[in-house]
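**Student:** Have a look at this prediction, sequence included:
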Amino acid sequence: MTIMRALAGLALCLASLTLVAAPALKAGVFDPPHAAPEFSLSGSDGQELRLSRYRGKLVLLVFGFTNCPEVCPTTLATLAQARKSLGAKAASVQVVYVTVDPERDDLARIRQYLGAFDASFVGGTGKPAVLESLRRDYGVMATKVGQSAGGYGMNHSTSVYLIDREGRLRALMPYGRKAADFVHDLQLLLAAK
């Protein structure tokens, strides 16, 4: 009888071990992951900016504009902090920043803006119709809004897309998450085969 109890206890232990799930991402996941839409833009590093250029790296894809008063600088500072926290693994992570304001964001301006956060960040711009098509492919909203001083701002989607080394959309991190949340998810994705 004690052998039967021991075997039953062992079976329960083994069953509970198989039920332990792999650590979950903190970002909202795409289940199943699917191919991230490809694009071709002018890059702030002087090269054509294509998602496929970064195959083999994790890509953090951000949409924003250089005149953004709060959301974009906060997001970029968070991503820079996350990359720094990764140490040597940061070389396997690429931040790609696509403007939603091609009227004001030329390549020189984007390069200078991103350089203030992390010299490895690469930005892109293109013709308004190309950028609009890209936003549609990713489900990104961007709307020009007037301001009292005669200028304008941009209301835009604020989440960060996490794209794996094979170019698949894996997760979407909402605005306002800490660098530690990105580090957690990036380490899991870097460890994935």
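**Tutor:** Nice, I can see it.

**Student:** Can you pull the poorly scored residue ranges out of this structure?
**Tutor:** Along the chain, segments meeting pLDDT under 70 span 1-22, 148, 193.

**Student:** just so I have it, where are all the helices in it?
**Tutor:** For the chain, applying DSSP state H gives helices covering 2-19, 71-85, 107-115, 128-138, 179-191.

**Student:** among the ones you listed, which is nearest V98?
**Tutor:** The stretch from the helices of the chain with the least distance to V98 (C-beta to C-beta) is helix 128-138; that distance is 6.7 Å. The C-beta positions use only the backbone N, C-alpha and C, and glycine is treated the same way.

**Student:** Identify all contacting residues around that closest one.
**Tutor:** Contact partners of helix 128-138, identified using C-beta atoms under 8 Å, 6 or more residues apart in numbering, comprise 37, 39, 41, 61, 63, 98-100, 102-103, 125-126, 140-142, 161.

**Student:** if I look at L189, how far off is A108?
**Tutor:** Taking C-beta to C-beta, to the nearest Å as the criterion, L189 is separated from A108 by 32 Å.

**Student:** Same drill for these two, tell me which one is more crowded.
**Tutor:** Set L189 next to A108 and count neighbours by other C-beta atoms under 10 Å: L189 wins out with 19 against 9.

**Student:** Closest one of the contacts of helix 128-138 to G167?
**Tutor:** Taking C-beta to C-beta as the measure, G167 lies nearest P37 of the contacts of helix 128-138, at 9.7 Å.

**Student:** Contacts only, for the residue nearest the centre of the chain.
**Tutor:** Centroid-nearest residue in the chain, with C-alpha atoms, centre = their mean: L60, separated by 2.7 Å. Contact criterion C-beta under 8 Å, 6+ apart gives L79, V93, Q94, V95, V96, V160, Y161, L162, I163, F182 as the residues in contact with L60.
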